[in-house]
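Peer 1: I'd like to go over a predicted model; first the sequence, then the structure.
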Amino acid sequence: MSEIDIKENNTIGINGEDIIDCFKRRKKIIFTITFIATLISLTTAIFKKHVWEGEFIIKLNKNDISNVGILPSLSSLTNMQGGTTAKSELVILKSPYVLNPIFEDVKNYQKLIGNDISKFKFKKWSKNLTIEAKTNTILSTKYKDFSKEHIKDVLNKISKEYQEYSIKEKENFLKDTNDLLKRALLKAREENLLSSRKLNKFMMENSIEGRLKITDQILGDSNILKQSIANLKKSIEIEKQKNNSEMSKKLERRLKISEGIYKRINENKEIILKFQQLQRDAIRKEAARNKLERDYFSFQVENSKRQKPWTVISEPTLGDYPILPRKKRLVILGSINGLFLGLLLAFITDILSKKIYSLTKFKKLIKARITKTINYKNSSKETEEISQIIVNNNLYKENIFYKIIPLDLENNITTNKLYENLSKILNDKNKVKIAKNFKEVINKDVVIVIVTLGNTIEEQILELNSYLALGEVNIDYLLINKNYQ
């Protein structure tokens, strides 16, 4: 019994065995498609144009990161919020403003060697150029092309163009900053002069020098006089309540004199305060002018230090080997794609053939419930063993009949052998019958269906289903043989 595989209550679903069976069944198609795909990939890898790549690395000078070393004290005046970095520089380097002259040179070169340039656009060409920020101050520039000899030339032109652009930008910045500082300094000088004139005029009109000498005494007398006026007002009220008119009039004359003196003291105090305000304003504007003059001088010194915006730390170099095509990868991917395409074509061939090659598909089509499935290899010994198993499993059932329904009408060997063996074991040919469909089956019958995968077609199953009774019909034993291997 070692060759017989008996399974109960099989679930329906695609499994790995179905895929393996399809592979074995259609191996010629699969191998052919895979071989063709591999051959095409290999041919492509051999004859496809090589793509070469070159690279150079530049370093932004630290003193230039803050835009040509502008002083921190001038940053707010020139609207600088911080220095440029490698990341901001690469955005500039990738722009058409910088790269367009290079593009035009490459375009002319392509035309010179006879290539069609009607569809040669900047956007497409710029994809050959890769600019990366390795660190905050390091930029890597890579360029790839079919022409190995032309790559270094393009990289050198990019380096030169970027250098010229950076120097030009630096000069423009210096000029704009210098003009801005000049205007700011002229304005500060004018404001300082006006504040000084206003202070001097106020001092002359109000005899400030004399007033300053008695400032402390005036402030002290003012406080005493204020308290004296308050006391006089209280005394007048008291005398009026006593009806002492003579004394109250005397006190009122004294109050009037004191209030006049207090008013003049306050006027003098306001003049002093106004003077102090004008003096502070003049000092502040003079300090602002002096600071701008120092900053302008320092800027001129920094401006005289003409440093390159960046330094090439790696001259343009060309790789020893082309980066494309990757031959091994191309052949492997071609083989894998061919294998999947072959499998897909094998499945499609199975579907178009209308034949049933898998137990999964058979179970989906048949309307009857299957109790047990037996895989066999169509040998006489197997048939005898299967017959004995079927009889032993139904030994204690009474008044039963065995109905054999073959779905492979081209090969009746298994059907006849099974019929003879069952009749021999039961010693009664009347209890075994070969039926054409479920129409000849009743509920007590033991139903045995023989299917040869590869010989059975869908129409046979659909025809068999049309004879199913209204009640439930079970397939007690489903014998499966794979004829296509």
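Peer 2: Right, received. Where do you want to start? Numbering: from 1, shown residues only.

Peer 1: From Tyr165, how far out is Pro433?
Peer 2: No Pro there; residue 433 is Lys. Separation of Lys433 from Tyr165 (C-beta to C-beta, to the nearest Å): 97 Å. C-beta coordinates here come from the backbone N, C-alpha and C atoms, glycine included.

Peer 1: Equivalent analysis for Asn421, please.
Peer 2: Taken as C-beta to C-beta, the span from Asn421 to Tyr165 is 95 Å.

Peer 1: Might you report the residue contacts of the nearest residue to Lys285 once chain neighbours are set aside?
Peer 2: Nearest residue to Lys285, sequence neighbours excluded (C-beta to C-beta, 6 or more residues apart in numbering): Asn192, at 4.3 Å. Residues in contact with Asn192, defined by C-beta atoms under 8 Å, 6 or more residues apart in numbering, are 282, 285-286, 288-289.

Peer 1: Identify the bridge partners of the spatially most central residue of the chain.
Peer 2: Centroid-nearest residue in the chain, with C-alpha atoms, centre = their mean: Glu132, separated by 16.7 Å. Listed beta-bridge partners, Glu132: Ser140 (assigned using DSSP bridges).

Peer 1: And the pLDDT for it?
Peer 2: At Glu132, the pLDDT value in this model is 82.

Peer 1: isn't it right next to Ser140, touching?
Peer 2: Yes - in this structure, Glu132 is within contact of Ser140 by C-beta atoms under 8 Å, at 4.8 Å.

Peer 1: those strands in the stretch 201-350 of the chain, which residues are they?
Peer 2: All strands of the stretch 201-350 of the chain, identified by DSSP state E, counting those that start in this stretch, fall at 310-318.

Peer 1: before we move on, back to that, tell me the pLDDT of the residue nearest to Lys285.
Peer 2: For Asn192, the predicted pLDDT is 86.

Peer 1: how far away is it from Glu293?
Peer 2: 11 Å.

Peer 1: what does Ile404 give?
Peer 2: For Ile404, the distance to Glu293 - C-beta to C-beta - is 117 Å.

Peer 1: do the same with Ser380
Peer 2: Counting by C-beta to C-beta, the gap from Ser380 to Glu293 is 118 Å.

Peer 1: just for the stretch 151-300 of the chain, where's the confidence low?
Peer 2: In the predicted model of the stretch 151-300 of the chain, residues 166-167, 170, 207-226, 229, 232, 251, 255, 257-267 satisfy pLDDT under 70.

Peer 1: part of a strand, is Trp52?
Peer 2: Yes - according to DSSP: H, G, I helix; E, B strand; the rest coil, Trp52 belongs to a strand.

Peer 1: That one reaches Asp320, doesn't it?
Peer 2: No - with contact defined as C-beta under 8 Å, Trp52 does not reach Asp320; the gap is 9.8 Å.

Peer 1: returning to what we had before: which of the contacts of Asn192 fall in helices?
Peer 2: Counting by DSSP state H, the contacts of Asn192 place 282, 285-286, 288-289 in helices.

Peer 1: What is the nearest of those to Asn393?
Peer 2: Closest approach between those and Asn393, by C-beta to C-beta: Ala288, at 111.3 Å.

Peer 1: what residues are up against that closest one?
Peer 2: 188, 191-192.

Peer 1: and of those, the nearest to Glu458?
Peer 2: Using C-beta to C-beta, Ala188 comes nearest to Glu458 of the contacts of Ala288, at 98.4 Å.

Peer 1: Many thanks, have a good one.
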